[in-house]
Structure formats: C-alpha cells, structure tokens
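In: Let me see the structure of the following:
(one chain, ligands or ions: 1)
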Amino acid sequence: MHASTRRPDLHQGQRHPDVLVIGGGIIGLATAWRTARRGLTVALADPEPGGGAARVAAGMLAAVTELHYGEETLLGLNLASAARYQAFAAELAEAGGLDIGYRACGTLAVALDSDDRLHLRELHALQRRCGLEPEWLTGRECRRLEPMLAPGVRGGLRVDGDHQVDPRRLADALLAACERAGVVFHRAGAERLTVTADRAAGALLDDGTEISAGQVVLAAGSLSGRLDGVPADVVPPVRPVKGQVLRLSVPAAYAPFLSRTVRAVVRGSHVYLVPRENGELVIGATSEELGWDTTVTAGGVYELLRDAHELVPGITELPLTETRAGLRPGSPDNAPLLGPTDLPGLHLATGHYRNGVLLTPVTGDVMAEVLATGELPDIARPFSPRRFSAAAREESFA
Ligand code: GLY
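Out: All right, here's what the predicted structure looks like:
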C-alpha cells in the first residue's frame, strides 16, 4: 500500500504511536495531518482539539503588510507559506471535505495622518529593499478601490498578494482531515513529558493515559513552555501576547462593504478590518503583554472601534456580534521554533506569534519532513529551537 494512504494500526496508534503531538491548535493539527500522510502513526493530545488562538484570529495572510525591521529572514518563510496556501486549501478540502474560506482578496494598508504616512513610507522602503513591489496609492486612489474609506485617508500601499482564510474553518478542516488520515485523538491535556535514557519517550496525560512514542512534538502554542518534565535547557521561550478581536456582521443590503483587507497603524497601534465572503467583518487586534489574561476589556473594544471608525466610519452602523481575546505564542525574535531540540526525540512547532495562520502550511510540511526523514528542510533551518540553546547564546556573545 502507498505510504500516504496507509491506515495506521489503531491499537498501535493509540498508545504507541510513531509520533505524539502535544497540542491540537492549527499548528499541531497541520503537523499531525501531514505526518500521518507520510505513513507514520500519529496520536494527538489536547482537551479541545481545534481550539486555541485560531478561534480568535482574523486569518490575514499578511506576509508583506506585516513585515517589520529585523524580520527579513522570517519574511522568506512567510512568503513560502503564503505561496503554498492555495494548494494547501485544495488538498485540505479533498482530504477532509471542508472549505477553509481562502479568499485571494489582497490588502490595502492606509495612512490617516502625516505620522501614519511616514510610517507607511518607511514600510514601503523596507519592502522594496526586500525585493517586494507593493504599489503606492494616493488617498483618492485608495478610496476608488474602497469607497467606504474615510475621506481623510492620505495614501496607501496596495498589496495584492496578502490574502485571508477563515481560521475557524481552517481548524475544523484540519480536524476532519486528521480524523480521515487516522490520527488518534486523546481528549486530555499533557501533564508531563516522559524522558527515558535521556530521550523524549512520550507523555503522561491528565486522564491517566500513558503514551509512549518514538518522537514527540510540542505544539501547544503559548502553553508550550509549561509542560512538566521538559529539561530546563530545552523549555521553549514562548510567552502569551494577548489580542482582543471583534466580529461584526455586514447586512446584505450594505454589501460589498469592503472588498479586501484594510489595515493601518493609528497612533502607533495596528488595526485591521478583514471582510469575509459570508458577511462577517473581523476587526483586530490589540497586542498586550498581560500574561495569561484573556479578559475582553471596555478599553480594548473602545480602542479597536475608535481606530477602525477613523478608517471606515460606516462600521458604527453594523451589528457587533462577538468580542473575544486570544493568546499569541510570542518568541524572543518573533519567529517560530521548528524541529528537533537538544533532547533527542523532542521537537518543537511553536512560537508562531503573529503568523500562526500564515505559517500553518509550511509548518505542517517541514515538521512532517523532519519527523519522517530526520532532516529539517533548509527553509526551516534558521528557525531551529537550537538558536536559543545555552551553547548558541554563548557563541553569539563570544
Ligand atoms: N497577525 C495579526 C495579529 O497577530 O494580530
């Protein structure tokens, strides 16, 4: 039987899989699905698979419009993942029967005042230095593309390659694809990593189940640094970064309200409006270093609505249907940690920070490759967790 269609033996897959994935957010699910398709038996532990930060995220695939100074290496990975998205969506639909709402709509990043305009000009210069060619538009040209924009918009960058997906549909589609690929789900939390003879050997779950596995992938988002039993020098340096997000609904009579993602930096804060084909309009996001707090605050909602209203005044007419906060898994350099750690048998797929949805396809692919072959693909090498190991830190200070 062909490796990609082999159904893993159920008993084997339940307690003694080749691979145990800890964490059932989109990163853990994509890793599990792609790995199962390589013919390995895969188990996944999570009390609520399909949950996590993707339930809150807007789903922008913003490789170009979210470029920041110092993140040029990450840009390569982001662009590679963006380039895979359309095929990934089609494969997922084929594998699990669900559509993820991939929408090739592009993005318009606009400026409201002269400070914002300067910021956008700087971003434009950085993008051009990185070989990207977004188009600079006048305020009038921006409004011609998006008539709901405020009359005061001073200019903007048109980025036709920054698209969107619906992260909730992505999580549901990955769950379905994993189930069909034979991934065994344990609906329990991982309590402790099992280490035997200096090697990761599985995990004890909080329902008492013990799983022994050939390899373990820690893909628990912002919680990835909190698993007991992980040796101190390989604990991933991830932290939670809170994001509050609003969902509004565009009545059919108002459509098309926006035809593409619109974003801006308003008084130093990022705000974006992501219009879905089904009429949902997602407004995000705050960025708050408040530990594990996921309270939706009046201040957070106020700031998002205030800034979004400055960009698109008509939003105040729309029903507000949901307010929610999630936790991005931040890392020290804002880039993910992918692949083997210094503890044999333990891999990481975490720390995706602002780019979890965007990086899901490439993460699934590189993790499946390293788990199946032992070789981390070249594209992922700059993101090895070993860049944060004590030895690497000593070398960089030498
Ligand atoms: N990438 C969008 C956010 O993290 O808010």
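
In: can we go C-alpha only for contacts and neighbour counts from here?
Out: Noted.

In: Setting the sequence-adjacent residues aside, check what's closest to Val312.
Out: Leaving aside its sequence neighbours, Val312 sits nearest to Leu149 (CA to CA, 6 or more residues apart in numbering; 4.8 Å).

In: Just give me the neighbour total for the one residue in the stretch 151-300 of the chain that gets nearest to the ligand.
Out: Relative to the ligand, the nearest point of the stretch 151-300 of the chain is Ala285 (4.9 Å; CA to the nearest ligand atom). The local packing of Ala285 (other CA atoms under 10 Å) involves 25 other residues.

In: need the helix or strand of the chain with the lowest average pLDDT.
Out: When the helices and strands of the chain are scored by mean pLDDT, DSSP states H and E, helix 10-15 comes last with a mean of 56.

In: Check which element follows that one along the chain.
Out: Using DSSP states H and E, the helix or strand that follows helix 10-15 in sequence is strand 19-22.

In: Show me what the following helix or strand past that next one is packed up against.
Out: Using DSSP H and E, the helix or strand that follows strand 19-22 in sequence is helix 26-37. Here helix 26-37 touches strand 19-22, strand 42-45, helix 167-180, strand 346-350, helix 360-373, going by 3 or more CA pairs under 8 Å, 6 or more residues apart in numbering; DSSP states H and E.

In: and the residue nearest the centre of the chain, what does it touch?
Out: The chain has Gly356 as the residue nearest its centroid, 1.1 Å off, counting by CA atoms, centre = their mean. Residues near Gly356 by CA atoms under 8 Å, 6 or more residues apart in numbering: Ile26, Ile27, Ala54.

In: excluding its backbone neighbours, what's nearest the second one?
Out: On the basis of CA to CA, 6+ apart, the spatially nearest residue to Ile27 that is not a chain neighbour turns out to be Thr360, at 5.7 Å.

In: ok so Ser222 is a helix residue?
Out: Yes: assigned with DSSP: H, G, I helix; E, B strand; the rest coil, Ser222 falls within a helix.

In: And the closest residue to it other than its chain neighbours, what's its pLDDT?
Out: Distance criterion CA to CA, 6+ apart; nearest residue to Ser222, sequence neighbours excluded, is Pro329 at 4.0 Å. At Pro329, the model reports a pLDDT of 98.

In: Could you measure from Pro329 over to the ligand?
Out: Noted for Pro329: a distance of 10 Å to the ligand, by CA to the nearest ligand atom, to the nearest Å.

In: picking that back up, return the residues in contact with the residue of the stretch 151-300 of the chain closest to the ligand.
Out: Gly243, Gln244, Val245, His270, Val271, Tyr272, Leu304.

In: The fourth one bridge partners, please.
Out: Just to be clear, that refers to His270. Following DSSP bridges, His270 is listed with bridge partners Val265.

In: does it really touch Val245, like I thought?
Out: No: using CA atoms under 8 Å, His270 makes no contact with Val245, being 11.9 Å away.

In: shared neighbours, the two?
Out: With CA under 8 Å, 6+ apart as the test, His270 and Val245 both reach Gly284, Ala285, Thr286.

In: Pipe these into a markdown table and attach pLDDT and secondary structure per row.
Out: Shown next, in a markdown table, are the shared contacts of His270 and Val245 (pLDDT from 0 to 100; DSSP: H, G, I helix; E, B strand; the rest coil):
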| residue | pLDDT | secondary structure |
| --- | --- | --- |
| Gly284 | 96 | strand |
| Ala285 | 93 | coil |
| Thr286 | 96 | coil |
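
In: doesn't Arg247 fall inside a strand?
Out: Yes: assigned with three-state DSSP, Arg247 falls within a strand.

In: Tell me the residue of the stretch 51-200 of the chain that sits nearest the ligand?
Out: Proximity to the ligand, evaluated over the stretch 51-200 of the chain using CA to the nearest ligand atom, is greatest for Met60 at 6.3 Å.

In: my guess is that residue meets Gly161, correct?
Out: No: Met60 is beyond contact range of Gly161, at 10.9 Å (criterion: CA under 8 Å).

In: For these two, indicate the residue with more neighbours.
Out: The neighbour comparison of Met60 against Gly161 (other CA under 10 Å) goes to Met60, with 27 against 19.

In: Return the distance of that one relative to Cys105.
Out: Between Met60 and Cys105 the distance, using CA to CA, to the nearest Å, works out to 10 Å.

In: which residues do the two both contact?
Out: Common neighbours of Met60 and Cys105, using CA under 8 Å, 6+ apart, are Asp162, His163, Gln164, Thr261.

In: Next, the contact list for the residue nearest to Ser222, please.
Out: Contacts of Pro329 by CA under 8 Å, 6+ apart are Gly221, Ser222, Leu223, Val238, Arg239, Pro240, Val241, Thr350, Gly351, His352, Tyr353, Arg354.

In: The host helix or strand of it: which residues count as buried?
Out: Using DSSP H and E, Pro329 falls within strand 320-330. Neighbour counts over strand 320-330 (16 or more other CA atoms under 10 Å) mark Thr323, Arg324, Ala325, Gly326, Leu327, Arg328, Pro329, Gly330 as buried.

In: again, but for stretch 35-54
Out: Buried residues in stretch 35-54, counting neighbours by 16+ other CA under 10 Å, are found at 35-47, 49-54.

In: do the same with stretch 79-88
Out: Within stretch 79-88, the residues scored as buried using 16+ other CA under 10 Å are Leu79, Ala80, Ser81, Ala82, Tyr85, Phe88.

In: which residues touch the residue of the stretch 251-398 of the chain found nearest the ligand?
Out: Proximity to the ligand, evaluated over the stretch 251-398 of the chain using CA to the nearest ligand atom, is greatest for Arg354 at 3.6 Å. Applying CA under 8 Å, 6+ apart to Arg354 gives the contacts Arg328, Pro329, Gly330, Asn334.
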